[in-house]
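**Student:** Build me a model from this:
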Amino acid sequence: MNNATQLLRFITAGSVDDGKSTLIGRLLHDSKSIFEDQLSAISKTSEKRGMAAVDLSLLTDGLQAEREQGITIDVAYRYFATPKRKFIIGDTPGHEQYTRNMVTAASTANLVVILVDARKGVLVQTRRHTYLASLVGIPHIVLAVNKMDMVDYSEARFNEICTEYLAFAAQLGLQNITCVPLSALIGDMLVDRGTNLDWYQGTTLMELLENVEIDNDLNTTDFRFPVQWVCRPQTEEFHDFRGFMGRIESGEIAVGEEITVLPGGRTTRIKEIVTYDGNLQRAYAPQSVALTLEDEIDISRGDMFVKSSSNPPGVAKEFEAMLCWLSETPLDKNRKYFVKHTTRTAKCLFSRIDYRVDVNTLEQHPVSVLNMNDIARVALKVQQPLVIDHYLIDHGTGSFIVIDEATNNTVAAGMIV
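**Tutor:** Presented below is the predicted three-dimensional model:
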């Protein structure tokens, strides 16, 4: 796939004052992706604060509460493009109490930029955000050693931090990591190389973002198609049409191929692949299509099409998951909740809480209750069978949300293990 048509979703993470917002502001500024009125507004704000230079971090710290406290609370999203690629950036919070914000932003990211202050090195928050990145399966990690200007652009200091970080990442099984030295304030090694890091032979951060391969981030092997809607037009022209609409979560499918409809288990073949632009002979993830079948089978929303010949998913009423609790109201094991998994919603009970992970030390603690921002391993029982994969095999069919039956609020996000 050509990079010009690709969208890279990436997030920045790190501890407070590591310079995440400044880094994003510098990327937007140096790639000429901000409007004159935006630059004028932050210039005036910077002047009011008595700053000698424009505070580029103001481009992302959009909430008034954030500006007053000088920290990032919510996830601030920014969109920009270069001739090579389009980007969505999520600037995630550094504080531990906003773990849920980072998890939800990271769940759709192709890449994470983890910032480290060159003076402070690898901190507890660095380890925490790396663990969260591994938990949600972000494929690409960039360790950005920022504020190199504060340590006289020391190559030895950069190598020391990278060695420590890579040793920790190896404990989590992370391998696809690139280390980049930079100064977000000065602009060295972000869009332009600058003149202060001649000893670094790698690419700039922008070059890395433009060229990182994300074609392989999708599971192209295992076909998964959750049925979102059964289309039966009530018109004379399409009276006999019966199509099953949805998005291909992973893999590919072609006309004539045999599929199995789960959880029922009936098999049939693909008759047509219908789109707004006409019929296709083959379709790929993440295309949205309507599929017609050669046989009449009772199919409803929430059913899953898979290839009969490929690696089958599980069909289960009980499963285990890593769960991030998002709600201010603690998890109550005596209450019923809804699980929304792909296009199916089913009632559920939490049968077990195995342990809570201390995201700072990675230690596991037995608990009987989950509070907001807690991450834990749990077991669930659902009323209807779900068609599931391990999260690291397929994000689409390996993830779910939990909904409070009484308030209809989303209270948790889960990853099936």
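**Student:** Output the lowest mean pLDDT helix or strand found in this structure.
**Tutor:** helix 64-69 (a mean of 43; mean pLDDT, DSSP states H and E).
**Student:** Now the element after that one, going C-ward?
**Tutor:** strand 76-81 (DSSP states H and E).
**Student:** ok, residue 384 to residue 400 distance?
**Tutor:** 13 Å (C-beta to C-beta, to the nearest Å). Quick note: C-beta positions are derived from backbone N, CA and C, even for glycine.
**Student:** The closest residue in space to residue 397 that isn't next to it in sequence - how many residues pack around it?
**Tutor:** Excluding its sequence neighbours, the residue lying closest to residue 397 (C-beta to C-beta, 6 or more residues apart in numbering) is residue 389, at 4.4 Å. Close neighbours of residue 389, defined as other C-beta atoms under 10 Å, add up to 23.
**Student:** Ok, residue 124 next?
**Tutor:** 12.
**Student:** Next, the contact list for residue 253, please.
**Tutor:** Residues counted as contacts of residue 253 (C-beta atoms under 8 Å, 6 or more residues apart in numbering) are 223, 225, 259, 270, 273, 282-283, 291, 305, 307.
**Student:** could you redo the last one with a cut-off of 7 Å?
**Tutor:** 223, 225, 270, 283 (C-beta atoms under 7 Å, 6 or more residues apart in numbering).
**Student:** how much distance is there from the one helix or strand it maps to to the middle of the chain?
**Tutor:** If you go by DSSP H and E, residue 253 is part of strand 252-254. Distance of strand 252-254 from its chain centroid, counting by C-alpha atoms, centre = their mean, to the nearest Å, is 25 Å.
**Student:** what packs against the following helix or strand past that strand?
**Tutor:** Heading C-terminal from strand 252-254, the first helix or strand you meet, by DSSP H and E, is strand 258-262. Contacts defined by 3 or more C-beta pairs under 7 Å, 6 or more residues apart in numbering; DSSP states H and E place strand 258-262 against strand 266-275, strand 304-307.
**Student:** Export the first one to PDB, keeping only CA atoms.
**Tutor:** Extracted in PDB, the C-alpha atoms of strand 266-275 (Å, rounded to 0.1, in the frame of the first residue of the first chain):
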ATOM      1  CA  ARG A 266     -23.400 -23.800   9.300                       C
ATOM      2  CA  THR A 267     -21.200 -23.600   6.200                       C
ATOM      3  CA  THR A 268     -21.900 -21.900   2.800                       C
ATOM      4  CA  ARG A 269     -20.100 -20.000   0.100                       C
ATOM      5  CA  ILE A 270     -19.800 -16.300  -0.700                       C
ATOM      6  CA  LYS A 271     -22.000 -15.400  -3.700                       C
ATOM      7  CA  GLU A 272     -21.300 -11.700  -4.000                       C
ATOM      8  CA  ILE A 273     -19.200  -9.000  -2.400                       C
ATOM      9  CA  VAL A 274     -21.200  -5.800  -2.700                       C
ATOM     10  CA  THR A 275     -20.000  -2.200  -2.100                       C
END
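**Student:** one step back: looking at residue 384 and residue 400, which is more packed in?
**Tutor:** Taking other C-beta under 10 Å, residue 384 and residue 400 do not tie; residue 400 has more neighbours (28 against 14).
**Student:** just to revisit the earlier point, the strand holding residue 253 pairs with which strands, parallel or anti?
**Tutor:** strand 282-284 (antiparallel) (DSSP bridges).
**Student:** buried ones in the strand it pairs with?
**Tutor:** 283-284 (16 or more other C-beta atoms under 10 Å).
**Student:** On the strand side of things, show who residue 364 bridges to.
**Tutor:** Assigned bridge partners for residue 364, using DSSP bridges, are residue 357.
**Student:** what do you get for residue 258?
**Tutor:** residue 269.
**Student:** Thought residue 308 was touching it, still the case?
**Tutor:** Yes - Residue 258 lies in contact with residue 308 (C-beta atoms under 7 Å); the separation is 4.5 Å.
**Student:** what residues are shared contacts of those two?
**Tutor:** The contact lists of residue 258 and residue 308 share residue 267, where a contact means C-beta under 7 Å, 6+ apart.
**Student:** Can you say which of the helices and strands packed on strand 258-262 is packed in most?
**Tutor:** Compared across the helices and strands packed on strand 258-262, strand 304-307 shows the largest average neighbour count, a mean of 24 (mean count of other C-beta atoms under 10 Å).
**Student:** Name the residues that touch that strand?
**Tutor:** 223-226, 257, 259-262, 291, 312-313, 387.
**Student:** Would you give the sheet partners of it, along with the direction of each?
**Tutor:** By DSSP bridges, strand 304-307 pairs with strand 224-226 (antiparallel), strand 258-262 (antiparallel).
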